[in-house]
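Participant: 3D, please:
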Amino acid sequence: MDQAVRLFGFLLLFLSATWAEEIHTTKLFIMTVGPWVFDWADSKGGGHSLNQFSYRPSLLNAPDLPSWMYYTYSERHGRGFVYGAAPPHQKDLQIEVIGLNKKNYEARRRVIKMNVVEKAEPALYEVHLKVDKLNVEDMLDSDRYNRLLDVFRRFLWPESQSDLYITFLASAVQLGARLPLNPFEGEGIVMHIGSRAPFSKTLEDLQLEVLPLRSKGQTNCPDFKHTSVERFFKQYNFSLDWCAFRLVNVTSQIGDVLEEFSAEYNPTWLNQKNAISVSKQELPTRHYTSELALTLVVPLLCLVVLVTLLTFILCFQQDTVKRNDDTPQSQLVQYEAVQRASNTLRSLSTQRDGEDSSPRVSMERTGLRPNPP
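Facilitator: Below is the predicted model of the structure:
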């Protein structure tokens, strides 16, 4: 058993090699890990299946990656992505990647040296935002994230056209957000973009516009909220969570690279002496007096009308029953006697009229003696 382990380690060391990558501090880098890294033929031309290989990157002689570096595997592309933004004054480091062929369980090792270069002109101002319904692998596409940057370059932050870049990218779930209810919906991403140019008037107005959404104690951002710049993002199929929108002055946060998504940020316009302060009394409020009155008065009126009608009906019925109960028994007997006599006379009159109309009865009655008086 020990010989097999030693043989496997020797084979892994024999197949290992060292690569080199150059990255800049505070700027997002994306490194793609695929079969070609281990001298395996690419899945497109080597006859391999798309998800035949798996990869596990980590810091050399460490169990995991640095805290500012992330890894994700895209089943859609059949490749892995190592991405992140190195903090200022970060030293060079080495990343170890283990590749496994799931078909024959062949393992190979690569050591990638990261040459960290200090960025000459790092960003002084950052925009923090959260994009819903997207996964990290979607934003690792250069065409997609460049479209998002173009929205800021063209419409929201024209002063940053020369040096706008991504300073942070991570999955919202990794930073503490909940998984979406729809399993086919993207997890959402948290993204920071920075530049040395000061914030434009459009961004500062947008910060004031979304300020009421960040009320204290609110956990969920309203889905129905739309801003005045919503159309710029909709035309590129981006859905932003405006409760996570922040303008941050990086100069006051040097060294704080990885910031928890749910933390309260310090917007730049609040640090300015001539900043526009908005008090709680100046914020628009909705009054519920009319709605409350309508909700209570209408049912109460209906209830009063219904009770009144039922009261009248019950009172009249009770008076009728009482009137019938108050009739004397003697009057009822007299009424029944008179009614019985009337019915008898009426029947006799009817019978007599019938006999007078018969010709035979008339002939028989001609010889009869009249009744005495």
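Participant: Tell me the buried residues in the helix or strand L301 falls within?
Facilitator: L301 belongs to helix 289-325 when assigned by DSSP states H and E. By 16 or more other C-beta atoms under 10 Å, helix 289-325 has no buried positions at all. Every C-beta, even on glycine, is put in place using the N, C-alpha and C of the backbone.
Participant: so how far is that helix off the chain centroid?
Facilitator: Here helix 289-325 is found 46 Å from its chain centre; the criterion is C-alpha atoms, centre = their mean, to the nearest Å.
Participant: for stretch 69-84, same thing?
Facilitator: Put simply, stretch 69-84 sits 26 Å off its chain's centre (C-alpha atoms, centre = their mean).
Participant: So which bits of it are buried?
Facilitator: Using 16+ other C-beta under 10 Å as the test for burial, stretch 69-84 gives 69-74, 77-84.
Participant: coming back round to it: could you give me the average pLDDT of the helix holding L301?
Facilitator: Averaging pLDDT along helix 289-325 gives 83.
Participant: picking up where we left off before, in helices only, show me the buried residues of stretch 69-84.
Facilitator: Judged by DSSP state H, the subset of these located in helices is empty.
Participant: tell me which of those residues is nearest to A170?
Facilitator: Y70 (6.1 Å; C-beta to C-beta).
Participant: quick one: H77 and K102, what's the gap?
Facilitator: 17 Å (C-beta to C-beta, to the nearest Å).
Participant: Same check on T32?
Facilitator: In terms of C-beta to C-beta, T32 sits 19 Å off from K102.
Participant: Check G194 too.
Facilitator: With distances taken as C-beta to C-beta, G194 is found 40 Å from K102.
Participant: Of those two, give the one with the bigger neighbour count.
Facilitator: Neighbours per residue (other C-beta atoms under 10 Å) separate G194 from K102, with G194 holding more: 24 against 12.
Participant: and the more buried one, what does it touch?
Facilitator: By C-beta atoms under 8 Å, 6 or more residues apart in numbering, the residues touching G194 are 26, 122-127, 164-167, 250.
Participant: In TSV: the residues you listed, plus neighbour count and secondary structure.
Facilitator: Output for the contacts of G194, formatted as TSV (neighbours: other C-beta atoms under 10 Å; DSSP: H, G, I helix; E, B strand; the rest coil):
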residue	neighbour count	secondary structure
T26	23	coil
P122	20	coil
A123	24	coil
L124	14	coil
Y125	21	strand
E126	22	strand
V127	24	strand
L164	19	coil
Y165	18	strand
I166	22	strand
T167	22	strand
V250	20	helix
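Participant: Closest one to P284 out of the residues you listed, please.
Facilitator: So of the contacts of G194, ranked by how close each gets to P284 (C-beta to C-beta), first place is V127, at 25.5 Å.
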